[in-house]
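**Student:** give me the fold of what follows.
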Amino acid sequence: MFSRFATVGFGTILASAMTASMAFASPIGTGPVEVFLQSGSVTALITGTTPTVGSPSTAMYQNVNLNGWLVGITAISYSPTLNTTAGIDLGGFAATCVPTSTECSSNPLLIAVSAPGFNQVIGANGFLLQYGGTVNGGALSTSAWWDTSESYFCNPSNPSNPGNPATNCGSSNLIGTLTLGSGSTGTTLTGGPDPIRSYSLTVSDTLGVNGGLDPFYSFDTSVVQAVPEPGTLALFGAGLFGCLMLERRRRARQS
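**Tutor:** Residues are numbered from 1 along each chain as shown. Got it, this is the predicted structure:
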């Protein structure tokens with residue numbers, strides 16, 4: 001009975017590895033990255049380039065006066081790829097409240113980026129939300145969500161004006177939220193659900209106002225795959241080695 005258990009254990013591990021590999025190799029619903037911006041009643045929606053094999057989808061946006069905000073951004077989706085260096089990214093980013101404007105001094109700027117078709121199997125705390133850059137004179141809140149319906153901005157009903165992802169996506173799909181004050185340079189967090197294998201990702205940054213002053217933001221936010229903890233890797237390796245040794249002993253006794 002003991003040798004039978006060893007065989008079943010090794011077979012289960014092998015089957016799990018094959019399942020994860022097959023999930024990674026079969027993209028579902030891959031589409032271009034999209035960017036949604038909103039300040040007060042002013043909105044903009046940008047669709048990126050069509051993704052191809054080996055080439056991510058990219059969207060670029062520049063506006064000298066989006067409700068008083070001077071904005072320049074680049075968004076990238078590596079869908080279906082999600083690993084420790086590539087996923088979805090809102091970068092090349094700079095935004096300033098124009099000094100002569102009264103609109104942005106009282107209306108925060110929401111910038112959200114979203115893309116479907118990710119197929120890396122992810123489990124609990126398998127996502128890494130990360131931020132790096134400069135907040136000067138304001139405050140920033142960044143959040144990220146997954147969505148197994150693979151909808152842009154977790155909102156399939158209104159694709160032309162998706163609205164605030166915090167309302168669309170809900171707390172049950174939240175990877176996490178980072179709040180950063182003036183002078184922050186970088187921070188990260190991990191989050192994730194029970195295992196999922198096909199999903200869209202959405203990252204949303206809200207740039208706050210500063211009591212009539214002119215805040216400046218320059219930063220990069222992204223979601224990638226979290227690096228497994230060393231203890232988890234060691235435990236998995238030890239279990240796999242044990243199963244292999246038990247299988248070798250079983251075969252030696254049968255020969």
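
**Student:** when you work out contacts or count neighbours from here on, use the C-alpha atoms and nothing else.
**Tutor:** OK.

**Student:** list the contacts for the residue sitting nearest the centre point of the chain?
**Tutor:** Centroid-nearest residue in the chain, with C-alpha atoms, centre = their mean: Val223, separated by 3.0 Å. Counting by C-alpha atoms under 8 Å, 6 or more residues apart in numbering, Val223 makes contact with Ala86, Gly87, Ile88, Asp89, Phe127, Leu128, Leu129, Gln130, Ala144, Val203.

**Student:** state the pair within those that is farthest apart.
**Tutor:** Farthest pair in the contacts of Val223 (C-alpha to C-alpha) is Ala86 and Ala144. Separation: 15.2 Å.

**Student:** so the two - more neighbours on which side?
**Tutor:** Of the pair Ala86 and Ala144, Ala144 is the one with more neighbours under other C-alpha atoms under 10 Å, namely 29 against 18.

**Student:** my guess is Ile111 meets Thr202, correct?
**Tutor:** No - in this structure Ile111 lies outside contact range of Thr202 using C-alpha atoms under 8 Å: 10.6 Å.

**Student:** between those two, who's got more neighbours?
**Tutor:** Of the pair Ile111 and Thr202, Thr202 is the one with more neighbours under other C-alpha under 10 Å, namely 30 against 23.

**Student:** in what helix or strand does the more buried one lie?
**Tutor:** Using DSSP states H and E, Thr202 falls within strand 199-207.

**Student:** neighbouring strands of that strand in the sheet, and parallel or not?
**Tutor:** If you go by DSSP bridges, strand 199-207 pairs up with strand 109-118 (antiparallel), strand 140-147 (antiparallel).

**Student:** and the residue nearest to Ala94 when sequence neighbours are not counted, how far from Val224?
**Tutor:** Leaving aside its chain neighbours, Ala94 sits nearest to Ser218 (4.5 Å; criterion: C-alpha to C-alpha, 6 or more residues apart in numbering). According to C-alpha to C-alpha, to the nearest Å, Ser218 and Val224 sit 20 Å apart.

**Student:** more crowded one of those two?
**Tutor:** More neighbours surround Val224 than the other of Ser218 and Val224, with 21 against 18 (other C-alpha under 10 Å).

**Student:** who's in contact with that one?
**Tutor:** The contact partners of Val224, taken as C-alpha under 8 Å, 6+ apart, are Leu82, Asn83, Thr84, Thr85, Ala86, Gly87, Ile88, Phe127, Leu128, Leu129.
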